[in-house]
Every structure is written in C-alpha cells, then in structure tokens.
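>>> My questions concern the predicted model and sequence given below.
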Amino acid sequence: MPPGADMFCAVLTSEAAIRLGFHPYRAPTGVNSIEYDGRPACNNCGFCAYFGCPIEAKGDPVAMLRHALATGHCEIRPESNVTEILVDGTGRRARGVRYLDADGTEHEVSASTVILGAGAFETPRLLLRSGLGNPDVVGRYLMYHFQTYALGIFPFGLHSHRGRSVTHLMDDPIVPDGPADEAARDADLPYFRGGIVEHGGAAHVVMEAIYLPPGEAHSRFMLESMMRERLAAFTMQGEDLPQVTNRVDLDPSVRDVWGLPAGRVTYAPHRHEAACAAHWGPRLEAVLRDAGAERTFWVTSPPLEHAVGRRQPDPTPTSRHVMGTARMGTDPRTSVCDPWQRLHDVENVVITDASVFPTSTGYGPTLTLVALALRASRALAGLEPLRSTRPADAHRA
C-alpha cells in the first residue's frame, strides 16, 4: 500500500531534520492507507496509540485472529489463564497445558506442540512456574527501550493530534556519526547506539484533558491547547543493552489474582543509555528549533537522575517495548531456546514473542517479532528446513 496522509507536524520537523543533515522517511505503520483485506482505509482520527481501532484499519491481531477463526481450525477461549505447561514422563516433551477459565475452574488440554506467546513478562513467569528452561537464565536480560523525548512548543497550530500516531521516522542515531563517536569516547564507552526517532505530537485530546488543571479555566486551556495543538515531540527508542541483572522472577510473597506468585521486576539502565541520551537530547532539540519551536526541552524515561530530592522515581521505563527474558541462542547454559525458538530442554515448546530477543536494538520490536513468529510457524508446518544447532542434539547423536 502507498503511504498514508502525512502529518503536518511531521512534515515540518522532517524538513528541518534534512536541513541539519539527517535522513527522515515515511514510517511503515501497518495501517491501511487504502481498503485492504476487507478492512477500510484509515480515516486519520488520531487515536492509533493507546486505543483499539474502531474501524479496524489498523493491522492489529484482531484481523489475523478473524482469519484464523474463519478456517474452522482455531478456537478462542477468552478470560483463560494458563497456570502450567505439562510435560510427559521423559521430561523432554510437553503434553499440554493446565489453565483456569473465567469462573476459576481448572482444565487440562493436550497438544502436540505448545506455542508460548505471552510476552516478555508473562512467558518467564509461566516457564518458572512450570520448572522449564535453565533457571539461571529464564527471566534474565530484560530489556525495554531507553526513551529520550525532545519536545518543542510552537507559536502556531501543528494539528499533531490528527492522523496516525507516527508518519515519519529517522534512524540516524543508530549508526553513530563523528560527534556521537566523540561523545562516546568522552564517556569512556566504545560506541553509542541510539534508536529510531519518531516524529509526532505529544498528546491527544483525552490525555490533554486529564493533565490540564480542572475548574473554570479548563475549557479555555483546552481551546488554547499547549499540549495537543502546539507541542511537537521526538521519541528516540534508544537501545537498551542486555544485562544479566535485569530480570523478571517470581515474587516470594506477593500473589496475583489467581493465587500464583506475582512477577517481580529488577531493573536499572546501563550507563551507555544515559550517556547516549545526554548526547542526542540536545541534538534533537536543535531540529525542533530549526522547525520553528519557540521553546524546547528534553527528558528521558527512566529519568537520568534516579533521585530527585527525597523522592525515588521508578527506574523502569514507560516504554511498552519489552524484550528478552527467554533469549534464543546455541548454548543452553546462556540461552533458553534454540535459534528456532524451541526450548532447549523441551523440544515441542516454541516461544514466539519478544522474550526470545538477545538484544533490543534501537528499532521497534514488532516487525522482528512477527518475522520470527512466521519463521517458527513455517518450520512447524514443514515449510522451513529445521537446521539443528543445539549442542544437546549433538550429544545425543
């Protein structure tokens, strides 16, 4: 499909970025720009992020699930929670799963293959509860994206709350240039790896209404719209380096609503992320000023300063990009599954979510996640040759 309508805000900032030597381009968003697959074209309502698409123009999982259901071979059991993956007497093969339905009634279902796609938080929880995978590795190397936000206040309307959430990107910070290399050396680091920079707005109408003060002036503030109409934002999805100490494990005392051990997150960013943000924040501000911003500032998530006075902010990023915790690799001592995403110790359990990522990179994870899931699915269907790279197979041979 051709690109959709360009956001006025993103056109302004992209033109400024080009003037300063960067290379913005139209973003692939998985949103229909024309009628496709029985779904309409996007009407640019501005509610892509944080919301489900009311007209189903967005290529989210609803469209794919409908295709699966139409085959007659797929059944959805809503409000069900898998509590355990069951294995046979050999301990090498899964025989199914145990789950609780919406009423809390326990069931077991058998399967020749168990596909685990619960995400980088819930996948390690389920593996740990089931006693599967290397317990020294499952849950470790949790990664987000270290987000750097550069914001600019403009003296005119940007209409940045309309259209798809992102229509333009640039990925120049991923491959460091001369100034980035120099800043890395000054920080005593071998390199910087930033991330894609999303050109967009800062708020939609619901968010603005929540954050503006209540009272008689609320309507006037909404009409003046400093957040929604006059604020442009760059979001750099900075690479979060994998660290063995960042992890998800089972809380020893807290239980979830099903009475199971809750997930516990231990996380702190690497100094690479902080130094990289400190370099790119001011450079992104310069682009916004060139585009016409009157005032600019930049912040990060998590904050660069972990202690503000006596207050201790949460050090975990607000990023919804969550990766790692069941990384793939060739060595069972340092990875959870093989390069085909099969558990090293239980060969018919396949993980198809972002928990298999060994690195986060500075790009959005969705396209890589989908590509890996398609590859694993083709292998299961016999359409992709399975090349065994597992040392355990060689030992058995």
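Yes, it's here.
>>> drop to CA atoms for contacts and neighbour counts, all remaining ones
Will do.
>>> Break down the stretch 201-350 of the chain into its helices, ranges please.
Applying DSSP state H, counting those that start in this stretch to the stretch 201-350 of the chain gives helices spanning 205-211, 218-224, 271-291.
>>> Mind checking those for the one nearest to D136?
Closest approach to D136 among these (CA to CA): helix 271-291, 24.4 Å.
>>> list the buried ones in the closest one?
Using 16 or more other CA atoms under 10 Å as the test for burial, helix 271-291 gives 272-281, 284-291.
>>> what's the answer for stretch 245-254, then?
N246, R247, V248, D249, L250.
>>> Check stretch 34-54 too.
Neighbour-count burial for stretch 34-54, with 16+ other CA under 10 Å as criterion, is recorded at I34, P40, A41, C42, N43, N44, G46, F47, C48, C53.
>>> Find the pair from the residues you listed with maximum spatial separation.
I34 and F47 (17.9 Å).
>>> in this structure, which helix or strand is least confident?
Across the helices and strands of the chain, mean confidence by mean pLDDT, DSSP states H and E is lowest for helix 391-396: a mean of 40.
>>> Take the buried residues of stretch 34-54 and write them to TSV, including secondary structure and pLDDT.
Below are these laid out as TSV (DSSP: H, G, I helix; E, B strand; the rest coil; pLDDT from 0 to 100):
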residue	secondary structure	pLDDT
I34	coil	95
P40	coil	95
A41	coil	95
C42	coil	94
N43	coil	93
N44	coil	91
G46	coil	86
F47	coil	86
C48	coil	84
C53	coil	89
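>>> Nearest residue to the middle of the chain?
H321 (1.8 Å; CA atoms, centre = their mean).
>>> For it, report the pLDDT, please.
Here, the pLDDT recorded for H321 equals 93.
>>> how much space between the closest residue in space to it that isn't next to it in sequence and H270?
Nearest residue to H321 in three dimensions, chain neighbours excluded: Y144, at 5.4 Å (CA to CA, 6 or more residues apart in numbering). The gap separating Y144 from H270 is 12 Å, by CA to CA, to the nearest Å.
>>> Low-confidence stretches in the chain?
305-313, 385-397 (pLDDT under 70).
>>> repeat that with 80
Low-confidence regions of the chain, defined by pLDDT under 80, span residues 202, 304-316, 383-397.
>>> ok, which stretches of it are strands?
25-26, 81-87, 94-100, 106-110, 114-116, 145-153, 168-170, 197-201, 231-239, 247-255, 261-266, 295-301, 349-351 (DSSP state E).
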